[in-house]
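1. No sequence on hand, only this structure:
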């Protein structure tokens, strides 16, 4: 799973710069399928918060 800043960067390149999945993959160094998952996905992954056991 990518960190939120990386996901936001991919979404920015896709939505604001109108780059292709291949171009984003080349620029970021991430796998094509990973880039497609985050660039075209409507939902952002939610961060998991674990509860502390006492």
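-> Everything's here; your move. Everything numeric here is computed off the predicted structure, so don't read it as measured data.
2. could you point out which element follows the longest helix seen in the chain?
-> Criterion DSSP state H: the longest helix present in the chain is helix 4-15. Sequence-wise, the next helix or strand downstream of helix 4-15 (DSSP states H and E) is helix 21-28.
3. Would you mind measuring from the spatially most central residue of the chain to residue 14?
-> Central residue of the chain (C-alpha atoms, centre = their mean): residue 7, 2.8 Å from the mean position. Per C-beta to C-beta, to the nearest Å, residue 7 is found 11 Å from residue 14. Bear in mind the C-beta positions are built from the backbone N, C-alpha and C, glycine included.
4. picking that back up, quick one, the longest helix of the chain and helix 21-28 angle?
-> 140 degrees (axes from the mean of the first three to the mean of the last three C-alpha atoms, to 10 degrees).
5. what does the average pLDDT come to for helix 4-15?
-> If you average the pLDDT over helix 4-15, you get 92.
6. Ok, stretch 19-33 next?
-> For stretch 19-33, mean pLDDT is 96.
7. Now do the buried residues in that stretch.
-> For stretch 19-33, the neighbour count (16 or more other C-beta atoms under 10 Å) marks 19, 21, 24, 25, 28, 30 as buried.
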